[in-house]
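below is the sequence, then the predicted model.
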Amino acid sequence: MCLAQSQMSPPAGEISTSQESPGHPVPGRIVGTVVDPSGAAVAGAQVKLVIENPSTDQEVLSGDDGQFAIGAVPPGPFQFTVTAEGFATQTFSGNLHPNEVFEAPPIVLVLATKNIEMRVAVSKSELAEEQIKQEESQRVFGLIPNFYVAYFHDPAPLTSKQKFKLAWKSTMDPMTFVLTGVLAGGQQARNDPGSYGQGLEGFGKRYGATYTGLFTSTFIGDAILPSLLKQDPRYFYKGTGSVRARILYAIANTVICKGDNGHWQANYSGILGDIAGGALSNFYYPADGRTRLEVTFRNAGIRIGLTAAGNLLQEFLVRKLTRTVLRHQPAVP
């Protein structure tokens, strides 16, 4: 009995590693490397171990060389996920034996594919430029310019450059020269002013003075002053509401206008432009064609009245006669 017992016991100082405590298997380790599609190491990737016992779940980060190691992993089936910014999540599974160092094959991450929503932000000046192109195509009967009317809902404010561009386009339009000739012909028929005389020379002088007056008043009232005072020189078509409301709106627009900030304000640009245009005409008209100061203000009042009449025509008639207006765009409320 003693001999048998001594043969079954290990020598003193020697520990048996082949025996495991029942129900307590020796844990193992999982190691691996995380790389990108080019084979370069991915540092800082999150490796999360998921096994049957949630209490033993672990998370580690890959090192600068892309390597990671998870220790004290119970033997049995396991699964771990690898995530990194800019890459799709990868999942790997396997089975770990007791006291095993499991070396996973290289974990190759692929670039993440996401639905990217792209919003192209259009600046106000770019939007205004597109609207100007539409306005420059507006012609009554397809001939007479109707550039200074905005049929857009909530039009974008014009920059100073765009205000000058619109004034230049208006004064350089072929129909502007034709209409100037009509006005000069009326002055010729009335012999006004008389010092210009008759004949081709007289008509040329009247034509030049009329066009100069039109040019200066347009640039002063529709470009220079609106740029300085940050006001919009256009008429904003209403098109909705009762007839009375539209009439009052059209008349009011002779003395109020929209500022570049979108708020309604006194139309200093238009009023001062009419006065300045009349005053400057004294520099290029002969003595018998010049006006006194009180007459200048009276003529400015007449121009304001004509503007009101023009606004009424714009509100109730001109749009119907203007081609290339975008019919689908609602009127300004």
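Arrived safely.

span of stretch 74-94 from start to end?
End-to-end distance of stretch 74-94 (C-alpha to C-alpha, to the nearest Å): 12 Å.

now do stretch 99-112
End-to-end for stretch 99-112, by C-alpha to C-alpha: 36 Å.

hmm, who's touching it?
With contact meaning C-beta atoms under 8 Å, 6 or more residues apart in numbering, stretch 99-112 is reached by 26-37, 42, 45, 73, 75, 82, 84, 86-88, 90, 92, 94, 96. For every residue, glycine as well, the C-beta is placed using N, CA and C.

now the helices for this protein?
Counting by DSSP state H, the chain has helices at residues 2-8, 124-135, 160-171, 174-190, 199-219, 225-229, 243-252, 268-284, 293-313, 319-321.

make TSV from those helices and add distance to residue 237, mean pLDDT and mean neighbour count to it.
As requested, the helices of the chain are exported to TSV (distance: least, C-beta to C-beta, whole Å; pLDDT from 0 to 100; neighbours: other C-beta atoms under 10 Å):
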stretch	distance to residue 237	mean pLDDT	mean neighbour count
helix 2-8	109	37	7
helix 124-135	11	87	16
helix 160-171	16	94	18
helix 174-190	21	92	14
helix 199-219	20	89	17
helix 225-229	18	95	19
helix 243-252	10	94	15
helix 268-284	17	76	19
helix 293-313	10	76	15
helix 319-321	7	89	14
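
so can I have JSON lines of the ones you listed showing distance to residue 69?
Shown next, in JSON lines, are those (distance: least, C-beta to C-beta, whole Å):
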{"stretch": "helix 2-8", "distance to residue 69": "39"}
{"stretch": "helix 124-135", "distance to residue 69": "56"}
{"stretch": "helix 160-171", "distance to residue 69": "65"}
{"stretch": "helix 174-190", "distance to residue 69": "83"}
{"stretch": "helix 199-219", "distance to residue 69": "78"}
{"stretch": "helix 225-229", "distance to residue 69": "70"}
{"stretch": "helix 243-252", "distance to residue 69": "78"}
{"stretch": "helix 268-284", "distance to residue 69": "76"}
{"stretch": "helix 293-313", "distance to residue 69": "81"}
{"stretch": "helix 319-321", "distance to residue 69": "77"}
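
wait, which of these is closest to residue 142?
helix 319-321 (9.2 Å; C-beta to C-beta).

gap between the residue most central in space within the chain and residue 151?
Centroid-nearest residue in the chain, with C-alpha atoms, centre = their mean: residue 122, separated by 2.1 Å. Per C-beta to C-beta, to the nearest Å, residue 122 is found 19 Å from residue 151.

and what of residue 104?
From residue 104 across to residue 151, the span is 68 Å (C-beta to C-beta).

show the average pLDDT along stretch 140-147.
The average pLDDT for stretch 140-147 rounds to 90.

outside of that stretch, which residues touch it?
Residues outside stretch 140-147 that contact it (C-beta under 8 Å, 6+ apart): 135-136, 138-139, 166, 169-170, 173, 175-176, 179, 318, 321-323.

repeat for stretch 260-275
Residues outside stretch 260-275 that contact it (C-beta under 8 Å, 6+ apart) are 157-158, 217, 220-222, 225-226, 229-233, 253-259, 296-297, 299-300, 303-304, 307.

run the last query once more with 6 Å
157, 220-221, 225-226, 229-231, 255-259, 300, 303 (C-beta atoms under 6 Å, 6 or more residues apart in numbering).

and it, how far apart are its ends?
22 Å.

so how far is it off the chain centroid?
From the chain centre to the centre of stretch 260-275 is a distance of 27 Å (C-alpha atoms, centre = their mean, to the nearest Å).

next one: stretch 27-35
51 Å.

quick check: buried residues in it?
Of the residues in stretch 27-35, 28, 30, 32, 33, 34, 35 count as buried by neighbour count, 16 or more other C-beta atoms under 10 Å.

what is the rounded mean pLDDT of it?
On average, stretch 27-35 scores 93.

pick out the most distant pair among the contacts of stretch 260-275.
Using C-beta to C-beta, the pair of these lying farthest apart is 157 and 300, separated by 26.2 Å.

go ahead and confirm residue 45 touches residue 36.
No. Using C-beta atoms under 6 Å, residue 45 is not in contact with residue 36; the gap is 9.7 Å.

those two: who's more crowded?
residue 45 (24 against 17; other C-beta atoms under 10 Å).

which residues touch that one?
By C-beta under 6 Å, 6+ apart, residue 45 lies in contact with 34, 62, 82, 84.

for the residues you listed, give me JSON lines that also has distance to residue 193.
As requested, the contacts of residue 45 are arranged in JSON lines below (distance: C-beta to C-beta, whole Å):
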{"residue": "34", "distance to residue 193": "92"}
{"residue": "62", "distance to residue 193": "93"}
{"residue": "82", "distance to residue 193": "92"}
{"residue": "84", "distance to residue 193": "86"}
